[in-house]
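Chemist: What would the 3D arrangement of this be:
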Amino acid sequence: MQDEMTPRQRKKAFREGRDIDRLPTWAFPQDYCSRLIGATLREYMTDTKTFLKGVLTADARWDFDVVEMMIPLGIDLGVERSMPEDDYGVVTKTIDPTEKEIESWGVEDVRTNPAAQPGWERLEALQDALAAKDRAEISLMVSMPFTTAAMSLGTDKFLKKLIRDPDYVHLIVGKLADMIVQAVQAFKGLDVLYWCPDPVASGSMLSLAQYRTFAQPYTAKVLHALQEIAPHPDHVNLHMCGNTTRLWEAMADTGALLMNIDETIDFADASRRVGDRVHLVGNVAPMTMLIGSEQDVIEDVKRSIRDAAGGKALPIPGFADSPPLKSPVENHDALHRALREYAKWPLDEERLTPA
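Modeler: Okay, here's the model as predicted:
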């Protein structure tokens, strides 16, 4: 099924309240692109040519509205990670900084940092390849300060500090927020979106009071900085995994205009509670992509659109979280067919009912 508008035309009309052919989508499969070209995960993540081949092959097949990539921010805290050949790495060495060490932290200029140069090369190549045909918008990933702190110190140890040493938590998360705000100034003037994951701040980890105290103010600070440099405030998408039910209003209070929340929650309830304030992004389940049939995927697309459609701010259907690397390619084909068919605007409620 062919679209009547390009991704950029659709997004502009969507923002301005004009007629659109279908809802914008956010269904980039991230590292799954490596599967389409027979590359290992390490090759895809470390080699620029392999990364570009994977993304552009996937875009040619599925015609995304958004593709995602990352430019390192130069926040090197001494954390060490493994890098298997064809699997996700894990943190092998965390840090335990003193307050004095935290206060001394600085950030390298992202524009000149050697570690960031491959990212700039990827961005330029993607811009050349996608903009020429007015294709997908590009989104840069910017991890939020609470999750960055937790991953750096070790999640269990860090979460215990919320109770045992709250001043220390404020110091490190606040310092990281300042560093991220400084680093992202290098992106000023870029015509990109921002995808902002904060999985450790999830309601599966934190109470509402803890989220409002230790994560929300610092997330809001970074999101505000991104909105100031982005072409439009709705170019910033806050993503959180797990059960976020008790956090929705607090997440919206960060100033995020897009919220990407996963399939473990009631999307219809989220639409009722915050759908007048934010565009809900998602929430097709990764496990449906992995073990479901093509019809299961289609039904999950219909369900996600149907459940989120009640809000004043229109939904942006797509993934709840990254699809598993072993998910069948046929399920991805079914997903994108269904997104085009059932996100047609205006929505046809009868066609969105369960089969």
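
Chemist: Spatially central, which residue of this structure would that be?
Modeler: residue 195 (3.8 Å; CA atoms, centre = their mean).

Chemist: Bridged to the closest residue to that residue other than its chain neighbours, which residues?
Modeler: Spatial nearest neighbour of residue 195, excluding adjacent residues (CB to CB, 6 or more residues apart in numbering): residue 139 at 4.7 Å. Using the backbone N, CA and C atoms, a C-beta is placed for each residue, glycine as well. On the basis of DSSP bridges, residue 139 is bridged to residue 68, residue 193.

Chemist: Could you give the number of residues near residue 139?
Modeler: Residues contacting residue 139 under the criterion other CB atoms under 10 Å number 21.

Chemist: show me the contacts for it.
Modeler: 28, 66-69, 192-195, 237 (CB atoms under 8 Å, 6 or more residues apart in numbering).

Chemist: helices or strands next to the longest helix seen in the chain in the packing?
Modeler: For the chain, the helix with the greatest residue count under DSSP state H is helix 166-184. In terms of contacts (3 or more CB pairs under 8 Å, 6 or more residues apart in numbering; DSSP states H and E), helix 166-184 is packed against helix 99-104, helix 145-153, helix 155-164, helix 216-229.

Chemist: can you list contacts of whichever helix or strand comes after the longest one?
Modeler: Which is helix 216-229. Going down the chain from helix 216-229, the next helix or strand is strand 236-240, by DSSP states H and E. By CB under 8 Å, 6+ apart, the surrounding residues in contact with strand 236-240 are 26, 139, 144, 193-199, 201-202, 219, 223, 226-227, 230, 247, 251, 254, 256-262, 281, 321.

Chemist: okay, and for the stretch 101-250 of the chain, where does confidence drop off?
Modeler: For the stretch 101-250 of the chain, applying pLDDT under 70 flags the ranges 132-133.

Chemist: mind redoing it with 50?
Modeler: The stretch 101-250 of the chain contains no residues with pLDDT under 50.

Chemist: elements contacting the helix or strand where residue 127 lies?
Modeler: Counting by DSSP H and E, the element that carries residue 127 is helix 117-131. Here helix 117-131 touches helix 48-62, strand 66-69, strand 137-141, going by 3+ CB pairs under 8 Å, 6+ apart.

Chemist: and with 10 Å instead?
Modeler: helix 7-16, helix 48-62, strand 66-69, strand 137-141 (3 or more CB pairs under 10 Å, 6 or more residues apart in numbering; DSSP states H and E).

Chemist: Quick one, which of those gets closest to residue 95.
Modeler: Of all the helices and strands packed on helix 117-131, strand 137-141 sits nearest to residue 95, with 21.5 Å by CB to CB.

Chemist: on that earlier part again, mind saving the C-alpha coords of the helix holding residue 127 as PDB?
Modeler: Extracted in PDB, the C-alpha atoms of helix 117-131 (Å, rounded to 0.1, in the frame of the first residue of the first chain):
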ATOM      1  CA  GLN A 117      33.200  11.300  14.700                       C
ATOM      2  CA  PRO A 118      31.700   8.000  13.300                       C
ATOM      3  CA  GLY A 119      28.300   9.200  14.600                       C
ATOM      4  CA  TRP A 120      28.600  12.500  12.700                       C
ATOM      5  CA  GLU A 121      29.600  10.500   9.600                       C
ATOM      6  CA  ARG A 122      26.500   8.300   9.900                       C
ATOM      7  CA  LEU A 123      24.300  11.300  10.400                       C
ATOM      8  CA  GLU A 124      25.600  13.100   7.300                       C
ATOM      9  CA  ALA A 125      25.300  10.000   5.200                       C
ATOM     10  CA  LEU A 126      21.800   9.300   6.400                       C
ATOM     11  CA  GLN A 127      20.800  12.900   5.800                       C
ATOM     12  CA  ASP A 128      22.100  12.700   2.200                       C
ATOM     13  CA  ALA A 129      20.400   9.400   1.500                       C
ATOM     14  CA  LEU A 130      17.000  10.200   3.100                       C
ATOM     15  CA  ALA A 131      16.500  13.900   2.500                       C
END
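
Chemist: between that helix and helix 48-62, how many degrees?
Modeler: On the basis of axes from the mean of the first three to the mean of the last three CA atoms, to 10 degrees, helix 117-131 is oriented at 30 degrees to helix 48-62.

Chemist: Helix 117-131: which residues count as buried?
Modeler: 119, 122-123, 125-126, 129-130 (16 or more other CB atoms under 10 Å).

Chemist: what do you get for stretch 236-244?
Modeler: 236-242, 244.

Chemist: Dump those to TSV, plus distance to residue 276.
Modeler: Formatted as TSV, the buried residues of stretch 236-244 follow (distance: CB to CB, whole Å):
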residue	distance to residue 276
236	18
237	18
238	17
239	20
240	19
241	24
242	24
244	18
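
Chemist: from those, which two are the most distant?
Modeler: 236 and 242 (20.5 Å).

Chemist: follow-up on the earlier one: and the buried residues of helix 117-131, which is closest to residue 108?
Modeler: Nearest to residue 108 among the buried residues of helix 117-131 is residue 119, at 13.0 Å by CB to CB.
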